[in-house]
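*Asks:* my questions concern the predicted model and sequence given below.
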Amino acid sequence: MRRLVSDAALSPDASPLRIANFRAYWISRLSMTLAQYAMMLIIGWQTYNIARDSGMGVPAASGQLALIGLLQFLPLFVLTPFSGWAADHFDRRNIARITVLAQLGCAGTLAWFTWDGAVSLGALYAVAVVLGVVRAFNGPALSALAPNLVPKAILPNAIALSSIAWQAGMIVGPAIGGYTYAIIPALPYAVAVVLFAVSLVALSFIGRVPQPPRAANKRPIHQMVEGLRYVVHNKMVLGAITLDLFAVFLAGATALFPVYARDILQVGETGLAQLAMAPAVGAALTALWFSFRPLRNNVGPKMLWAVGIFGVATVVFGLSTSMPLSLAMLFIVGAADMFSVYIRQSLIQLHTPDDKRGRVSSVSLLTISASNEFGDFFSGSLAYALGPVIAVVGGGAGAIVTVLVWSRIFPVLRTTRTFDPPEEFLDHSDHEKIQEKTP
């Protein structure tokens with residue numbers, strides 16, 4: 001506790017990595033993200049190749065990628081309200097440890113099946129379901145834990161650094177997956193086992209952190225509804241969450257990377273790794289910039305512009321048949337997405353009292369999952385019906401339309417200038433809680 005008090009005196013420009021608990025958290029998130037993206041890239045690649053090699057055409061094989069996305073989304077959809085409640089009522093560190101251990105088990109299982117030549121669509125589908133269950137609890141726990149590790153004054157810096165760990169994992173993870181798969185197909189999963197183990201060890205070094213006060217005499221279901229009600233009533237939080245939901249849901253090109261790598265650009269598994277890495281490189285460089293130069297002004301309008309650029313770059317990528325142009329557009333996609341993520345996550349965390357962060361984070365995770373995993377299902381289904389190019393181009397155009405519509409129905413996104421929550425966005429009790437936490 002004495003360490004937390006001294007950390008509270010840190011200036012807004014101080015590095016969160018000076019705090020031991022945050023260093024352990026950062027290492028854990030980096031290792032876990034590396035393993036996740038290495039593993040998920042190969043799951044998609046194996047799914048598409050097994051489908052194509054069994055005689056399916058491009059549209060039908062794209063439909064198998066859609067199914068992988070759906071199987072990950074459904075557990076998240078069902079369990080997210082409960083996982084958010086759990087993150088507000090149990091030790092967030094223990095939830096994170098259990099979920100990392102479960103992911104380690106999934107990676108070990110696929111390593112064995114692949115080495116033994118027994119991997120099948122059924123095995124890949126089963127692991128996708130388990131990963132969906134695990135991520136339902138992992139995301140809210142880790143998202144709600146981060147603000148407990150640093151003073152509020154440097155929370156935006158911590159979010160930027162946390163995003164760097166995530167984006168670095170998105171860059172190096174696919175490289176690990178694609179290039180090690182080219183050596184030995186089971187190797188990416190074996191490396192993922194080691195990385196999950198590192199993440200688990202790092203989590204064990206996070207000391208005790210303050211738990212949010214628990215509401216007395218309230219049933220769990222009532223508390224879950226409270227989290228959802230807070231999101232609905234706070235127009236800033238609702239607008240930021242749903243903007244990402246619809247934009248990324250429509251413009252989900254990542255699910256179709258195996259299609260582009262094998263049948264459109266014809267670049268194989270190493271090219272697949274490069275396609276997956278390109279948006280992550282753009283995102284990581286953007287997050288690195290924000291970790292040294294935090295954004296302070298005109299945050300709302302800049303978030304809208306970033307999502308619009310994300311849509312335009314997605315359209316160009318969908319039409320491209322050139323690998324260099326495709327990589328350039330995906331770089332822009334990642335940079336624009338990170339710009340939006342940085343602003344959105346900072347606004348959500350700073351506009352939410354600590355006792356509701358787990359539940360609000362779970363709602364945010366559900367929308368992210370809807371935009372990613374269910375977006376993968378949507379993109380794969382659209383590719384099955386209309387072809388992959390039309391699916392990607394149409395999705396990018398849909399993201400642009402979403403920006404125009406959201407700027408009208410959520411005018412607060414156009415008028416928000418700083419991360420500080422204006423008093424009119426909060427009810428009286430929530431405003432008092434935030435004031436009490438201000439250093």
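*Replies:* Everything's here; your move. Residues are numbered from 1 along each chain as shown.

*Asks:* all the strands of the protein, in order from the start?
*Replies:* Secondary structure of the chain (DSSP state E): no strands located.

*Asks:* may I see the buried residues of the top helix by length along it?
*Replies:* If each helix of the chain is counted by residues according to DSSP state H, the longest one is helix 20-53. Going by neighbour count (16 or more other Cβ atoms under 10 Å), the buried part of helix 20-53 is 21-48, 50-52. Using the backbone N, CA and C atoms, a C-beta is placed for each residue, glycine as well.

*Asks:* which strands and helices sit next to it?
*Replies:* Where contact means 3 or more Cβ pairs under 8 Å, 6 or more residues apart in numbering; DSSP states H and E, helix 20-53 is packed against helix 58-89, helix 92-115, helix 121-145, helix 155-183, helix 187-204, helix 257-259, helix 268-292.

*Asks:* pick the most deeply packed of those.
*Replies:* For the helices and strands packed on helix 20-53, the stretch with the most neighbours on average is helix 257-259, a mean of 26; neighbours defined as mean count of other Cβ atoms under 10 Å.

*Asks:* give me the contacts around that helix.
*Replies:* With Cβ atoms under 8 Å, 6 or more residues apart in numbering as the test, helix 257-259 has contacts from 44-45, 47-49, 58, 61-62, 65, 272, 275-276, 383, 388.

*Asks:* shaky segments in the stretch 201-350 of the chain?
*Replies:* Applying pLDDT under 70 to the predicted model, the residue ranges of the stretch 201-350 of the chain that meet it are 209-228, 231-232, 349-350.

*Asks:* got the residue ranges for the helices in it?
*Replies:* Under the criterion DSSP state H, counting those that start in this stretch, the stretch 201-350 of the chain contains helices at 220-233, 235-250, 257-259, 268-292, 299-319, 323-350.

*Asks:* and the second one, what other elements does it pack with?
*Replies:* Spelled out, that is helix 235-250. In terms of contacts (3+ Cβ pairs under 8 Å, 6+ apart), helix 235-250 is packed against helix 220-233, helix 299-319, helix 323-350, helix 357-386, helix 388-409, helix 411-415.

*Asks:* which of those helices is buried the deepest?
*Replies:* helix 357-386 (a mean of 24).

*Asks:* report the mean per-residue pLDDT for that one.
*Replies:* The predicted model gives helix 357-386 an average pLDDT of 73.

*Asks:* picking that back up, quick one: the helices of the stretch 201-350 of the chain as CSV, columns for distance to Leu76 too.
*Replies:* Rendered in CSV, the data for the helices of the stretch 201-350 of the chain read as follows (distance: least, Cβ to Cβ, whole Å):
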stretch, distance to Leu76
helix 220-233, 15
helix 235-250, 13
helix 257-259, 21
helix 268-292, 21
helix 299-319, 22
helix 323-350, 18
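
*Asks:* which one of those helices lies nearest to Gly132?
*Replies:* Using Cβ to Cβ as the measure, helix 235-250 is the one of these that comes nearest Gly132, at 16.6 Å.

*Asks:* quick one: that closest one to helix 323-350, angle?
*Replies:* With axes from the mean of the first three to the mean of the last three Cα atoms, to 10 degrees as the basis, helix 235-250 and helix 323-350 are set at 160 degrees to each other.

*Asks:* look at the spatially closest residue to Leu288 that is not a sequence neighbour and report its pLDDT.
*Replies:* Taking Cβ to Cβ, 6 or more residues apart in numbering, and ignoring the residues beside it in sequence, Leu288 has Ile164 as its nearest neighbour in space, at 5.8 Å. The per-residue pLDDT reported for Ile164 equals 76.
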